[in-house]
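> quick one: sequence plus predicted model below, questions after.
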Amino acid sequence: MDLTAKITGNILICRVKGDLDHHTAEEFRTFVDYNLENNPVKHLLLDLTNLSFIDSSGIGTLIGRYKKVSSVGGKVVVVNENKQVSRVFEVSGIYEIISSYSSISKAINDI
Amino acid sequence: MNVKNYMVLTIPSKSQNEAFARVVAAAFASQLDPNIEELADIKTAVSEAVTNSIIHGYEDREGEITIKCRMDEYSVEIEIKDEGKGIEDVEQARQPLYTSKPELERSGMGFTVMETFMDEVEVYSEIDKGTVVLMKKKFASLAKEQGVSGNEG
């Protein structure tokens, strides 16, 4: 898994590359939480363009980040997830709490 | 099932083997040339079952997980077996959002994902003996080509 972070305004933009499963969940959680806690940000934007795979373990970590961000009034949004990721999102109901956008600029505008 | 080909894979219950197991199962199924979504369904379902064996079956100890795959002309059967602690209440474990480990940020959607992405999911479990998950998927894309309904049991 390859993770990069940048800050735009009060939004943490995190690019996720690779697979998000039980094996990589801890790395993802640690990286995102560290960046949320050590930067003046409120919202989390996950760029999933290069996320090739997710399963329910990955969903668990997304729900965890959602709880953390929403507890301080922030939003979590995702951008450009592939079809496999989108199907797992649908089945798990995550679109009820996390909105999806086709581009980073659209997501930023809407936050 | 008129078995055309099969494979058996045994791996230790290490989390880095989750990706390996799902890729192997999908590579095996790809011999039938299903579409990309159907292969993704196999990968996702296998990932869920193998992860369950690692997290719930073996918990903090290491054991072996055996994955058996069989195929006929347009479907695959995948069996994922562990010799872990077993599931006390299979019906409860299959409920959406149920997790025995809420402290671990588990979504409780593993079996729901398996049931959604595969045509059949059977679970056999015995306390202190282990768990077997048997999943079947008929590739609708191939059945259609052959003039067979993809939704028949």
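Yes, it's here.

> who's the residue nearest the centre of chain A bridged to?
In chain A, the centroid-proximal residue (Cα atoms, centre = their mean) is A:Leu46; its distance is 3.6 Å. Using DSSP bridges, the bridge partners assigned to A:Leu46 are A:Cys14, A:Val78.

> isn't it up against A:Asn80?
No - the pair A:Leu46 and A:Asn80 fails to qualify as a contact (Cβ atoms under 8 Å) at a distance of 9.7 Å. To be clear about C-beta, it is placed using only N, CA and C from the backbone, and glycine gets the same treatment.

> near chain A, which residues of chain B show up?
Taking Cβ under 8 Å from any Cβ of the partner chain, the part of chain B that reaches chain A is made up of B:15-16, B:18-19, B:22, B:36-37, B:40-41, B:43-44, B:47-48, B:51, B:54-55, B:104-110, B:112-113, B:116-117.

> just the buried residues of those residues.
Neighbour-count burial within these applies to B:15, B:18-19, B:22, B:40-41, B:43-44, B:47-48, B:51, B:54-55, B:105-110, B:112-113, B:116-117; the criterion is 16 or more other Cβ atoms under 10 Å in any protein chain shown.

> now stretch B:98-106: how far from the chain's centre is it?
20 Å (Cα atoms, centre = their mean, to the nearest Å).

> quick revisit: quick one: contacts for the residue nearest to the centre of chain A?
Contacts were defined as Cβ atoms under 8 Å, 6 or more residues apart in numbering or on different chains; by that measure A:Leu46 touches A:14, A:16, A:62, A:76-79.

> in CSV: these, plus pLDDT and neighbour count.
Supplementary listing: the contacts of A:Leu46 in CSV, determined by pLDDT from 0 to 100; neighbours: other Cβ atoms under 10 Å in any protein chain shown:
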residue, pLDDT, neighbour count
A:Cys14, 98, 20
A:Val16, 98, 26
A:Leu62, 97, 26
A:Val76, 98, 23
A:Val77, 98, 21
A:Val78, 98, 23
A:Val79, 98, 21
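
> which one of the residues you listed is nearest chain B?
Within those, the smallest distance to chain B is 8.4 Å, found for A:Leu62 (Cβ to the nearest Cβ).

> those strands in the chain, which residues are they?
The chain I'm using is chain A. For chain A, the strands identified by DSSP state E occupy A:2-8, A:11-20, A:43-47, A:51-54, A:76-79, A:99-101, in order along the chain.

> um, chain B though
With DSSP E applied, chain B shows strands at B:5-12, B:64-71, B:75-82, B:120-126, B:130-138, listed in chain order.
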